[in-house]
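Visitor: Structure for the following, please:
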Amino acid sequence: MSRGRIQYGFGVFCGSLLLSWGFFLLSFCRKARFFHPSGVVYSAMAWPASSLSSVASVEVAERLSGAALVRFSGGLFKQKGKRVKRDSLGLGVRFYGQPGPCQTNARGGQDLFLVSFHSFAAIARDIKATDCGDYLANTYWSITPYEVEGLGRVSLRITASGSGEGTARNERLEDAVRAGEVSLRLEMAPWGTDDYQPLAELRLDRRMDLEDELRLTPRASGGGLRPTGFLQGLRVAPYAASHLARRLRRETPRRASTPDTWISIPDLSANRRRDVNASADLSSGGKRQEKVLA
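Guide: This is a model prediction of the structure:
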């Protein structure tokens, strides 16, 4: 077992022992997540980026390809009115790894958590620079490491493109999505460096009424991005406790037992993915041979 996985296990233990009850009570009183309390969820389609740098990144990008859900949210505050003056923003993504239809909280996918600050050391500077009025005007970082077989520990970030009209960030995002202008690029770099390379592209499709239903979890690593390190493990139990508190505070308790929604997203990027896969196979074939000879 790697050092990072040992630290991850210790983080899970500490989170369960020290933080889970606090997150449960705070979320129960708030009737929302303690962090990232309110947001909007969109369906999306993911496919491999056009220029992948290694065989390992090709394999990860292939596992992430298919239907996805993307959740934009504030960091600490619910959006009341048209403008939040200062806050971090959050971006959560669930990759299903298949075209669909997909059950909202089905197991086996890949969940990622990103925020609009680069690291805890830079949190004050980056929050000050965050544009709280426009989700698409910011870059989002994982701030905690993931582990990829063949690559070791990596960091992730998502850069957004697109713009829309409106006075509130939800309105601007919806307008941009309707215009078909919103795309997200997932990038990966060796941990501790800024050498980010494209990994996957996402195209947002439509808004989904899944804000209460969607339950992202740090444990979901079906795409080959395994959470590692103490901080990754620390949030496992508090996130689960927050989910439980929200479910107990719903106005209609019977909804908690309602089966998950099934989402179906047309695979508009199929031709593009086939072209990318063909070029990736050509480039990765030689690299596999080099790996065998080595």
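Visitor: When you work out contacts or count neighbours from here on, use the C-alpha atoms and nothing else.
Guide: Noted.
Visitor: Just to check, Gly233 is in contact with Ser16?
Guide: No - here Gly233 does not reach Ser16: they are 9.6 Å apart, not a contact under CA atoms under 8 Å.
Visitor: Looking at the two, which one has more neighbours?
Guide: For Gly233 versus Ser16, the count of surrounding residues by other CA atoms under 10 Å is larger for Gly233: 26 against 19.
Visitor: Please state the mean pLDDT value computed over stretch 193-209.
Guide: For stretch 193-209, the mean pLDDT works out to 93.
Visitor: List the contacts of Leu64.
Guide: By CA atoms under 8 Å, 6 or more residues apart in numbering, Leu64 lies in contact with 46-48, 95-97, 110, 200, 223.
Visitor: Give the buried residues for the longest strand along the chain.
Guide: Longest among the strand segments of the chain by residue count, using DSSP state E, is strand 197-208. By 16 or more other CA atoms under 10 Å, the buried positions in strand 197-208 come out as 197-205, 207.
Visitor: Any chance of those in TSV with distance to Gly66 as columns?
Guide: Formatted as TSV, these follow (distance: CA to CA, whole Å):
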residue	distance to Gly66
Gln197	20
Pro198	17
Leu199	14
Ala200	11
Glu201	11
Leu202	9
Arg203	11
Leu204	12
Asp205	12
Arg207	17
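Visitor: re the thing from before, quick check: neighbours of the longest strand of the chain in the sheet, parallel or antiparallel?
Guide: Looking at strand 197-208 with DSSP bridges, its partner strands are strand 39-48 (antiparallel), strand 183-190 (antiparallel).
Visitor: pLDDT weak spots in the stretch 101-250 of the chain?
Guide: 250 (pLDDT under 70).
Visitor: Distance of Val154 relative to Tyr96?
Guide: To Tyr96, Val154 is 21 Å away according to CA to CA, to the nearest Å.
Visitor: Those two: which is more packed in?
Guide: More crowded of Val154 and Tyr96, by other CA under 10 Å: Tyr96, with 29 against 22.
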